[in-house]
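Chemist: need coordinates for the following:
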Amino acid sequence: MKSISVLLRPMLKGGMGLLFLVLMLAACDAKKKQQIEDTDEVVEVNDTTVYGVCGEGTSMHSLEIITDAGDTLVYTLLCQDAETEVETPSDVQGGLMAGDKMAVTGHKTADELVADRVINVTSLLGHWTSIDKNFTIEEGGTVHSAVKAETNPWTSWKILNGSLLLNRDTFCIECLSADSLYLENANGIFTFKRQK
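Modeler: Here you go, the predicted structure:
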């Protein structure tokens, strides 16, 4: 195999080849630096979720939450469509029990705070299983997998803007009950049962 200098010798005699070679090397180096800068970029997402504990003033149509900052907020659990004026219930997953940890996303109207989505974090904690997954969601953002042969086990979780993040996977909680958890993303709906 011939070296590069032997192959480029005819081009280098006129000086144009040298210029060509320098430009090629510079372009490769610039492209490499651009790729490194692109991969190091992390986009920070603003979390609009309110975290706290469900208060004793919670009822069928209102949620009292004592936030982690110590404030007491009351959210209405009915959303009214501005055009049709039809009221629909807020998306509440996991139930409303006084003392349970909650994650709430909502909006403010002229008169009140309205909950769009409520997730009972206490109900989310626990041991969940499916055909190919067997994991425990623990307080503090940790997930432990019981399947040793799993190639990409979930190791961390958090609620962000009303969605559940398991590692880098983002899911919408479609159903959270005492014994079932349905998670949806672009790949489909995943069903889990609570293991006791």
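
Chemist: going forward, measure contacts between C-alpha atoms and count neighbours the same way
Modeler: Will do.

Chemist: in which helix or strand would I find the most centrally placed residue in the chain?
Modeler: Nearest to the mean C-alpha position of the chain, by Cα atoms, centre = their mean, lies residue 165 at 3.2 Å. Element membership for residue 165 (DSSP states H and E) is strand 163-166.

Chemist: helices and strands around that strand, which ones?
Modeler: strand 157-160, strand 169-176 (3 or more Cα pairs under 8 Å, 6 or more residues apart in numbering; DSSP states H and E).

Chemist: all helices of the protein, in order?
Modeler: Applying DSSP state H to the chain gives helices spanning 4-12, 16-40, 121-124.

Chemist: so for the first one, what's the average pLDDT?
Modeler: Taken as a whole, helix 4-12 carries a mean pLDDT of 52.

Chemist: for stretch 95-104, same thing?
Modeler: Rounded mean pLDDT across stretch 95-104 is 97.

Chemist: identify each buried residue in it, please.
Modeler: Buried residues in stretch 95-104, counted by 16 or more other Cα atoms under 10 Å: 95-98, 100-104.

Chemist: in strands only, show me those residues.
Modeler: Those of the buried residues of stretch 95-104 mapping onto strands are 101-104, per DSSP state E.

Chemist: and for the nearest residue to residue 92 once chain neighbours are set aside, the neighbour number?
Modeler: Excluding the flanking residues, the one nearest residue 92 by Cα to Cα, 6 or more residues apart in numbering is residue 118, at 4.6 Å. In terms of burial, residue 118 registers 24 neighbours under the definition other Cα atoms under 10 Å.

Chemist: related to what we said a few turns ago, mean pLDDT, mean neighbour count and distance to residue 59 for the helices and strands packed on strand 163-166 - can I get that in a markdown table?
Modeler: Listed next are the helices and strands packed on strand 163-166 as a markdown table, based on pLDDT from 0 to 100; neighbours: other Cα atoms under 10 Å; distance: least, Cα to Cα, whole Å:
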| stretch | mean pLDDT | mean neighbour count | distance to residue 59 |
| --- | --- | --- | --- |
| strand 157-160 | 97 | 18 | 24 |
| strand 169-176 | 97 | 17 | 19 |
